[in-house]
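Participant: need a 3D model of the sequence below.
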Amino acid sequence: LLCCGILSGQVLRLYIANGIIGEPVRVPCNRTIPDNLIFVKWKYERPDGVSVSLATKSVSKETPQFDDVPEYVKRLNVSEDFSLIISNAGIREHDRRFVCMVTTTEDVLEAPALVKLFKLPSEPEIINKAQFLEVGNKQKLGDCIARESFPEVNVTWYRKGTILRPGDGDVEISLRIEKNPTSSFYTTTSELHYKAKKEDVRSDFSCQVTFFVPSGQNSSLSRKEYFDVHYPTEKVTIEVVPPVGFVNEGDHFTIKCTGDGNPPPQEFEFHTPLESEKVVSYNYTVVSAKRNATGDYSCALNHDKEKKASLSVEVNYLDMSLTPNGEVTRMAGENLSVLCIPSSNKPVSLTWKKDNKKIDPPIFKKLHYRDSGSYVCEVGYKGGEGTRLRKTLILTVEGKPQVKVTKKISGGMKKINCSVEGFPKPDVFWILASSPYSGNSTEEEPYVNQRFTSSIKIEPKENVTVTCVAVNKLGRADDMVNVSAVNIPDEERESRDDDIVTVHDQAKLIIAVVVGLLAAAIVAGVAYWIYMRTKKTSKSVEKNLGNCEESRKLEENNHTSQA
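Facilitator: Model prediction:
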């Protein structure tokens, strides 16, 4: 840098030599060196105006000569272009005037230079930061500090990259500069007071220091700082947690209220259908909800009742009754009324199952053995949401035995089948003529739906009456069939009649054998023989079974056959 002045009628050019404290500073001799140069001499001027000689460099000598100046011992050098080099420049050199004297064979010329030194500040930082900013309240945000600079620095505050300027009432900035008496360095502190707004929740604040360096002006920016911004609640919201969309009896649920303020409110005043008085709490929890928990729930700020919210909760309930239920025993032929009645605040679906298979609602006007089983009535909300309830009816149909005897003929072998119904399961006995059957060819099918079939195979040598007897704890039943000893090859016959008309079948068989005989005497003889044989058998059965009624029916049938 050059400055101009006038001294003794001569124009003097003042050169400004800039440097960094602690580093070497170069002071040029701002004169054109003439050819008739003898030597160059450097000196500096003290504040009292006295000049102090520092160094001399002659053209005839390569090494400059230095004067005995204590503060510059081993700190000076003169370069080939006659510039003065001062190492480890210190604060004492700042604003010191150095003069380069150029001596020639004809004249002495001077070139003054002024030394300006700078010390770069530390990186700026924001300290003493506010823990939080409160909307609408102007408060100290923090201090921006830059340490150990020379000379002083300028400080600028930024919010989201925009300069904060005092004057609108929201921003107040004060500056404090302290000088270290030992080093003469400066510490600059800028204090910012700021009135926060709600939108400052995501705002960043920073500060910038501006300072001079040998090349000109420079700046350094602090790290961005974010602040927790407090603002009051303006709106209260209320919700059910967990947000399942519906509440069933027995569920746990919580009424939770929140405010949009920061920090969020920690207490609310709750009004619920379960409490006659207000409840002050952070939230309100209902455990194992009952249907009386249905109703309106509201909450408000404990300190501001105008900030409130409300909602309605409906507790779904589902009950059912099954009449009768559990284990039920009834007699076959009886009527049984079964009612499954749901009770709910919502539409429900009802399903019947018997032995795990879906069925229509059961109607028992006259109970049968096949009606026995496990019946389940299941009710639930339509749509499948929530729980489902089930109740069970285990129905047992009891009754004394019922029997029905049939026969099949194949060649000489006769198979007699006895179909038996009853519960508990009847025991079956066979009687041939007047004696219990002791053969080993009895077969019995599985007992399913309270019925089964017992069978025997016989090959009689003469006509015989076969009786099937079934007995359980509720009673006794029997049925009989007459079996002929006559064989008709390759023909099967079945005899089944509620009044046991097997004798008539035998008469028809005999008539078929003697169809070619037209003699009435022969027919009458054969009929008489059959009658006598059947009568004898009937008396034998009556003696063993004590069943007079069955004997009477057999005799009547024989008379009919004879006629």
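Participant: show me what contacts residue 335?
Facilitator: 364, 365, 366, 367 (CB atoms under 8 Å, 6 or more residues apart in numbering). Placement of C-beta: from N, CA and C, glycine included.
Participant: need the phi and psi values for it.
Facilitator: Here is the backbone geometry of residue 335 (degrees, to the nearest 10): phi -90, psi 150.
Participant: quickly note the distance from it to residue 37.
Facilitator: From residue 335 across to residue 37, the span is 146 Å (CB to CB, to the nearest Å).
Participant: for the strand or helix carrying residue 126, packing partners?
Facilitator: In this assignment (DSSP states H and E), residue 126 forms part of strand 125-127. Using 3 or more CB pairs under 8 Å, 6 or more residues apart in numbering; DSSP states H and E, the elements in contact with strand 125-127 are strand 138-149, strand 204-213.
Participant: out of those, nearest to residue 392?
Facilitator: strand 204-213 (69.9 Å; CB to CB).
Participant: buried ones in whichever helix or strand comes after the closest one?
Facilitator: The helix or strand immediately downstream of strand 204-213 is strand 216-221, counting by DSSP H and E. Buried residues in strand 216-221, counted by 16 or more other CB atoms under 10 Å: residue 220.
Participant: ok, then the element right after strand 216-221?
Facilitator: strand 225-226.
Participant: so what's residue 164 up against?
Facilitator: Taking CB under 8 Å, 6+ apart, we find residue 164 in contact with 157, 158, 171, 173, 192, 194.
Participant: sort out for me which of those are in helices.
Facilitator: Among these, no residue falls in helices (DSSP state H).
Participant: so which of those residues belong to strands?
Facilitator: Taking DSSP state E as the definition of strands, these contribute 157, 158, 171, 173, 192, 194.
Participant: how close does residue 46 sit to residue 202?
Facilitator: Using CB to CB, we find residue 46 at a distance of 59 Å from residue 202.
Participant: I misspoke; the intended subject was residue 149.
Facilitator: The gap separating residue 149 from residue 202 is 33 Å, by CB to CB.
Participant: higher neighbour count, these two?
Facilitator: Shown here are residue 149 and residue 202; by other CB atoms under 10 Å, residue 149 has more neighbours (20 against 8).
Participant: please look at the more buried one and residue 185 and confirm they touch.
Facilitator: Yes - look at residue 149 against residue 185 with CB atoms under 8 Å: they come within range, at 6.4 Å.
Participant: just the buried residues of the contacts of residue 164.
Facilitator: Among these, the ones that count as buried by 16+ other CB under 10 Å are 157, 158, 171, 173, 192, 194.
Participant: mind showing which ranges of the stretch 401-550 of the chain have poor pLDDT?
Facilitator: Applying pLDDT under 70 to the stretch 401-550 of the chain flags the ranges 411-412, 434-435, 437-440, 486-550.
Participant: hmm, I typed the wrong one, I wanted the chain.
Facilitator: 1-12, 411-412, 434-435, 437-440, 486-563.
Participant: skipping adjacent residues, who's closest to the most centrally placed residue in the chain in space?
Facilitator: Centroid-nearest residue in the chain, with CA atoms, centre = their mean: residue 242, separated by 10.0 Å. Of all residues not flanking residue 242 in the chain, residue 253 sits nearest, at 7.3 Å (CB to CB, 6 or more residues apart in numbering).
Participant: quick one: the one you found from residue 136, how far?
Facilitator: As judged by CB to CB, residue 253 and residue 136 stand 38 Å apart.
Participant: who has more neighbours, those two?
Facilitator: Neighbours per residue (other CB under 10 Å) separate residue 253 from residue 136, with residue 253 holding more: 20 against 12.
Participant: give the contact list for the more buried one.
Facilitator: Shown in contact with residue 253 (CB under 8 Å, 6+ apart): 240, 241, 242, 247, 285, 286, 289, 313.
Participant: list buried residues within those residues.
Facilitator: Buried members of these, scored by 16+ other CB under 10 Å, are 240, 247, 286, 289, 313.
Participant: all helices for the chain, in order.
Facilitator: Under the criterion DSSP H, the chain carries helices at the ranges 502-513, 520-545, 548-562.
Participant: make CSV from the ones in strands among the contacts of residue 164 and add distance to residue 263 to it.
Facilitator: Below are the ones in strands among the contacts of residue 164 laid out as CSV (distance: CB to CB, whole Å):
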residue, distance to residue 263
157, 26
158, 27
171, 25
173, 29
192, 24
194, 20
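Participant: and which of those is nearest residue 320?
Facilitator: Nearest to residue 320 among the ones in strands among the contacts of residue 164, with distances taken as CB to CB, is residue 194, at 67.6 Å.
Participant: you'd agree that closest one is up against residue 141?
Facilitator: Yes - taking contacts as CB under 8 Å, residue 194 lies within contact range of residue 141: 4.5 Å.
Participant: coming back round to it: could you dump the buried ones among the contacts of residue 253 into a markdown table and include distance to residue 431?
Facilitator: Output for the buried ones among the contacts of residue 253, formatted as a markdown table (distance: CB to CB, whole Å):
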| residue | distance to residue 431 |
| --- | --- |
| 240 | 78 |
| 247 | 71 |
| 286 | 75 |
| 289 | 70 |
| 313 | 76 |
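Participant: many thanks, we can stop here.
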